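K.L.:
Sequence and computational prediction follow.
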Amino acid sequence: MNQKTTPFEKTRPDRVRKQYKKQEEFTLYGWNSCMSAFKERPESLLRVFFSRARSAELKGVKAFCGENKLPYRQLDQESLNKVAAGVHHEGVIMVVKPRLPESAHRLIRGKMSDKGLVVVLDSIDNPHNQGAILRTCAFFGVEGLIIPGNGKASVIPSSAARMAEGGLEGVPVFTSSDLPSALRDCRKQGWFVVGADPSAKETLFNAKIRFPAVVVMGNEQEGLSIRVKQKCDMVVRVPGEGSLQSLNVSVAAGIILAEIDRRRKTFKKN
């Protein structure tokens, strides 16, 4: 007689099932990212894995799982590493329902505050940079992050969510299959689009920036793509006096957002 197994226990490779799970489940790991998700959207929780050292700290989470008949399990370090596909889980992993991004058109057609701030990532694929920028966006109260994509699945990988240290829960993520067109629409709305590029003649601190503002960051190797750069009202660089010609993109994003956030606090619309 064949013994039945639950979906939680199955380990047999199944391409269809894996694809379904990829769309329906998202693995969060790292203490801050997991606990932020549990605080903001506990209804999205599906199951929890944790180390013995974290067991007492997760008393409330385990109680919630018990009340809602959700699986939770204590695992050894090797098993946790396998579930997280890495070692940077900090002793806690939560499998949750993903926050699927909405179309950038929804953001652009919506109401933006006079001092609103949006960030756009142009071909920034490194998850560490994505996560660091997302964390910075959450810190400065950015109202939306636009990333290339079709919106049918999460565009922020698990490793980026960990790097964001909970920022994924604080910043709405939107996708666009055509960034130049999205930026064109932003300008039609009266939003000021400023691109960051190390080869720009204008420096960040001398530039006159209006609000609402859209900050576009390009990848470190190629910078902004030509079509994206053409849709910017202005392109600026972060000035430096050292021997290196460029900054890590997440560091540059932090400097630019800090300066723009400083300005928008005193900005008065004409």
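P.N.:
Cool, got the structure.

K.L.:
For the longest helix seen in the chain, which residues meet the burial criterion?
P.N.:
Taking DSSP state H as the criterion, the chain has its longest helix at helix 249-264. The neighbour-count criterion (16 or more other Cβ atoms under 10 Å) identifies 249-250, 252-257, 259-261, 263-264 as the buried residues of helix 249-264. Where C-beta positions appear, they are placed from N, C-alpha and C, glycine not excepted.

K.L.:
ok, those vs Ser225, which is closest?
P.N.:
Val249 (14.0 Å; Cβ to Cβ).

K.L.:
The closest one reaches Ile133, doesn't it?
P.N.:
Yes. With contact defined as Cβ atoms under 8 Å, Val249 and Ile133 form a contacting pair (7.4 Å).

K.L.:
joint contacts of those two?
P.N.:
Residues touching both Val249 and Ile133 by Cβ atoms under 8 Å, 6 or more residues apart in numbering: 124, 217.

K.L.:
re the thing from before, let's have the buried residues of helix 249-264 in CSV, adding pLDDT.
P.N.:
Supplementary listing: the buried residues of helix 249-264 in CSV, determined by pLDDT from 0 to 100:
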residue, pLDDT
Val249, 93
Ser250, 95
Ala252, 94
Ala253, 96
Gly254, 97
Ile255, 96
Ile256, 97
Leu257, 97
Glu259, 96
Ile260, 96
Asp261, 95
Arg263, 93
Arg264, 92
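
K.L.:
can you list contacts of the longest helix of the chain?
P.N.:
115, 117, 119, 124, 128-129, 132-133, 136-137, 140-142, 194, 196, 204-205, 209, 211, 213, 215, 217-220, 236, 238, 246-247.

K.L.:
ok, back up a step: among the buried residues of helix 249-264, which one sits closest to Val92?
P.N.:
Ser250 (24.2 Å).
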